[in-house]
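Novice: predicted model follows, preceded by the sequence.
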Amino acid sequence: MHDIRLLRDQMDHLREGMRRRGKLEELAPVLNRAEFLEKERRDAIRVAEEAQARRNKLSQEVAQRRRNGENADDLVAESRKIGDELTALEEKRAAVEAEVQQILMELPNLTLDEVPAGGEEANTILRTWGTPRAGDSGIAPHWEVGERLGMIDLPRGAKISGSGFIVYRGAGAKLVRALMNFMIDVHTEEHGYEELWVPLLVNRATLTGTGQLPKFEDDMYAIADDDLFLIPTAEVPVTNLYRDEILDAGELPRSFVAFSACFRREAGSAGKDTRGLLRVHEFDKVELVRYATPESSRDELEVLTAHAEKMLQLLELPYRVLRLAAGDTGFSSAMTYDLEVFAPGVGKWLEVSSCSVFTDFQARRANIRYRTAPGEKPRFVHTLNGSALAFSRIIAALFEHHQQSDGTITVPAALRRYLGRDTLG
RNA sequence: GGCGUGGUGGCAGAGUGGUUGAAUGCACCGGUCUUGAAAACCGGCGGACCCGAAAGGGUCUCGUGAGUUCGAAUCUCACCCGCGCCGCCA
């Protein structure tokens, strides 16, 4: 969420930000409305507070007179009149505030200056690591390998839950467990992250904090009876860990790693990547989250991204790093790098990580602050997160990139001790 | 799920309708003292918002939201959360 003060003195900045995301046309009327409402809001506050101040004074005089045994009926009558005024003023203030708040909650974050304007076509490849295998060299797609080797069972996943739900079995199931331990171990032991294990069901306040609500309710699985939602990513519970708290400057930066299942309805994506493991409703992921100061957050994005890249290097999977253009950058993010790994069986680059800095956008929503020094005013922290990594697509890439001509799969060295073998199949 | 009980500032803990944003203690910050530190003493010390160039002034905030009242931390109702016991349960 943006600072409401932007509506007073930085409307141009706000409009420019929306333009870079390609949303100005859509949002211009909303921005104008918000600018007007913010003026109304402050006006209503001022008038109401003046009335309240008058009433408070009268109440004290009433108390004073009563103590002296004097009559105060006239003051009481006047005070009551102010009370009626206040009720009306409050109503107006609440209505205006609710509307401006609603608008503010649904405006995407401003991207950093270095983020190019434009949509997906304006994304740029920053660097590539490793050598992708040719996509036409007879490499079987991961679902064929997985089924042939008895490691994934898509028909039964569909039977149990529906399409887009996977059953891993045998060495495939163990691979999931191995990936989890491997990734968490590297991040805790080599990158200094604190390990967390978090709830998969969260409440509305939590989802509002990270930006999924109110705008993206339809993208999530909901438990209506309890007003809870299945998390789309561990970012949600982890970032909200310190919601409504004030940290000491000495505690920053803080970094957390958490494994979780992730649930996505993928509303509106019917027909895309329907085969195999590429786009599913439930997948597993190891997520990194960092809390940083505003001064360091930009640099921390590089650190975070390097940590995610490290995992791909250890898994010996060729990948490329994309700088997303403003229009392709997520709602809450100010700048995002996507990591894409090449899967030669399907001949596609697969997004396996998205590393973002959110500036104070999430922190303001979630009210996560820190104090630079004792006695100083609290400031909002900056939050970052990135997948490191998303399992199902990584498994697809492992099955395809490390596929041998005899149909077996070579296990990357770093993963062998977790899996207990160096070949699958 | 049932019954009971409780939610006050960073923590502990007073306060049951009127100068209470809130005693007191601890913690924290500044100062005096000290070679230095500790102790002692003095002072300060929640957050959000509005007006203002600033100085400063004002409003809100005692789990959340409604209500009673001229006036609510204090009274009423609903909800949320904690704790205890019972029930159920991986």
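Specialist: The structure has been received and is ready for your questions.
Novice: skipping its backbone neighbours, what lies nearest A:Leu339 in space?
Specialist: Using Cβ to Cβ, 6 or more residues apart in numbering and skipping the chain neighbours, the partner closest in space to A:Leu339 is A:Ser353 (3.9 Å). Bear in mind the C-beta positions are built from the backbone N, C-alpha and C, glycine included.
Novice: what about that neighbour, distance to RNA strand B?
Specialist: 33 Å (Cβ to the nearest atom of the strand, to the nearest Å).
Novice: three-state assignment of the residue of the stretch 151-300 of chain A found nearest RNA strand B?
Specialist: Among the residues of the stretch 151-300 of chain A, A:Ile246 lies nearest to RNA strand B; the distance is 6.7 Å by Cβ to the nearest atom of the strand. When classified by DSSP: H, G, I helix; E, B strand; the rest coil, A:Ile246 comes out as strand.
Novice: what about the residue of chain A found nearest RNA strand B, which SS state?
Specialist: RNA strand B sits closest to A:Ser79 of chain A, with a gap of 3.1 Å, by Cβ to the nearest atom of the strand. With three-state DSSP as the basis, A:Ser79 sits in helix.
Novice: how about A:Val286?
Specialist: Classification of A:Val286 using three-state DSSP returns strand.
Novice: A:Thr383: which element?
Specialist: Taking DSSP states H and E as the definition, A:Thr383 sits inside strand A:382-390.
Novice: ok, A:Ser392 next?
Specialist: Counting by DSSP H and E, A:Ser392 is part of helix A:391-401.
Novice: and the helix or strand that contains A:Ala94, what does it pack onto?
Specialist: According to DSSP H and E, A:Ala94 maps onto helix A:73-105. Counting contacts by 3 or more Cβ pairs under 8 Å, 6 or more residues apart in numbering; DSSP states H and E, helix A:73-105 packs against helix A:24-67.
Novice: about what we covered before: the residue of chain A closest to RNA strand B and A:Glu50, how far apart?
Specialist: 14 Å (Cβ to Cβ, to the nearest Å).
Novice: of the two, which one has the most company?
Specialist: The residue with more neighbours, out of A:Ser79 and A:Glu50, is A:Ser79; 18 against 11, by other Cβ atoms under 10 Å.
Novice: these two touch, right, the more buried one and A:Leu58?
Specialist: Yes - applying Cβ atoms under 8 Å as the test, A:Ser79 and A:Leu58 come out as touching, 4.4 Å apart.
Novice: thinking again about what came up before, so in that sheet, which strands flank the strand holding A:Thr383, and in what orientation?
Specialist: strand A:282-292 (antiparallel), strand A:348-357 (antiparallel) (DSSP bridges).
Novice: relative to the whole chain's centre, how far out is that strand?
Specialist: 8 Å (Cα atoms, centre = their mean, to the nearest Å).
Novice: now that strand against helix A:391-401, angle please.
Specialist: Calculated by axes from the mean of the first three to the mean of the last three Cα atoms, to 10 degrees, strand A:382-390 forms an angle of 40 degrees with helix A:391-401.
Novice: only C-alpha atoms, please: export strand A:382-390 in CSV.
Specialist: Output of strand A:382-390 as CSV, limited to C-alpha atoms (Å, rounded to 0.1, in the frame of the first residue of the first chain):
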residue,chain,number,x,y,z
HIS,A,382,11.6,-3.1,3.5
THR,A,383,10.7,-6.7,2.7
LEU,A,384,12.1,-9.1,0.1
ASN,A,385,11.4,-12.6,-0.9
GLY,A,386,12.3,-15.2,-3.5
SER,A,387,11.7,-18.8,-4.2
ALA,A,388,14.7,-21.0,-3.7
LEU,A,389,13.3,-23.0,-5.3
ALA,A,390,9.9,-24.2,-6.6
